[in-house]
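Chemist: My questions are about this predicted structure, shown below with the sequence.
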Amino acid sequence: MQIHKYKLIKSLVLGIVITSATVLANSNPIQARSPIPLLNAKCVSSGEGNVREQKQNVSIGKAVYTSLFFLGPGYRSAAMTCRIRPENRPNPVFQTLNLGFGIRDNDADSPNVQVNIFVDGQQVESRSIAPAQAQNVVLDVSQASNIAIEATCTSGVRFCPRVHFFRANLERIPRNAQKQN
């Protein structure tokens, strides 16, 4: 009886191991990779207003966010341009740009700000943002070399508030997709 139990357990364990190995060998695992902060790219200020990397907690839409940087258009505009594909890399590196941004609740009486996003010089997204409002943008940047984000004051006579960015990440192209390019 003992020998019979031993053989049964042995064959069950062997079956589980073989099944697991077969499943793992035939699966195509998605390689989860952490997003890269946009500010890790080579970024420069490219507008008249204020662009500043400053980590601080802000309230937007009655929720607390950690702002990574802000664009302060003032009376005109502020912009930041980032090279996301190194000059020595012919193939794309990133697949998606994820942005989250808004204007603080404290700026309730301020004018709206127009946020424009450019990929390789072409405008691909435009959002009018009001105080106490958060926005999220997800863009395909799989063929892009440069990204620009511009915040433009919509009032010609009133000072516009800062646009705080609480998410600004680049997601890499999966390695198995890079090999196919």
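Modeler: Happy to help now that I have it.

Chemist: CA atoms only for the host helix or strand of L68, dumped as CSV, please.
Modeler: For L68, the element it lies in under DSSP states H and E is strand 63-72. Output of strand 63-72 as CSV, limited to C-alpha atoms (Å, rounded to 0.1, in the frame of the first residue of the first chain):
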residue,chain,number,x,y,z
ALA,A,63,-7.8,65.4,-4.6
VAL,A,64,-4.1,65.6,-3.6
TYR,A,65,-1.5,65.0,-6.3
THR,A,66,2.3,65.1,-6.2
SER,A,67,3.3,67.6,-8.8
LEU,A,68,6.6,66.7,-10.6
PHE,A,69,6.9,69.9,-12.5
PHE,A,70,4.9,72.9,-13.7
LEU,A,71,4.5,75.1,-16.7
GLY,A,72,3.6,78.7,-15.7
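
Chemist: could you give the mean pLDDT of the helix or strand following that strand?
Modeler: Using DSSP H and E, the next helix or strand after strand 63-72 towards the C-terminus is strand 77-83. Throughout strand 77-83, pLDDT has a mean value of 97.

Chemist: Could you list the single helix or strand in the chain with the lowest mean pLDDT?
Modeler: Among the helices and strands of the chain, helix 2-26 carries the lowest confidence by mean pLDDT, DSSP states H and E, at a mean of 47.

Chemist: After it, which helix or strand is next?
Modeler: Downstream of helix 2-26, the first helix or strand assigned by DSSP H and E is strand 36-37.

Chemist: still on that earlier bit, tell me which residues are up against the strand holding L68.
Modeler: Residues outside strand 63-72 that contact it (C-beta atoms under 8 Å, 6 or more residues apart in numbering): 37, 39, 47, 49-59, 78-80, 100, 102, 115, 134, 149-151, 161-168. Quick note: C-beta positions are derived from backbone N, CA and C, even for glycine.

Chemist: Quick check: which ranges of the protein have low pLDDT?
Modeler: For the chain, applying pLDDT under 70 flags the ranges 1-33, 176-181.

Chemist: and it, what are its domains?
Modeler: 1-30, 36-180 (automatic domain parsing).

Chemist: Report the contact partners of E48.
Modeler: So E48 contacts 74, 76-78 (C-beta under 8 Å, 6+ apart).

Chemist: Next: P161.
Modeler: 72, 103-104, 107, 110, 113, 131.

Chemist: Can you tell me how far it is from Q56?
Modeler: Separation of P161 from Q56 (C-beta to C-beta, to the nearest Å): 14 Å.

Chemist: Taking the contacts of E48, please make a PyMOL selection of just the buried ones.
Modeler: Of these, the buried ones can be selected in PyMOL as follows, counting by 16 or more other C-beta atoms under 10 Å:
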select buried, resi 74+77+78
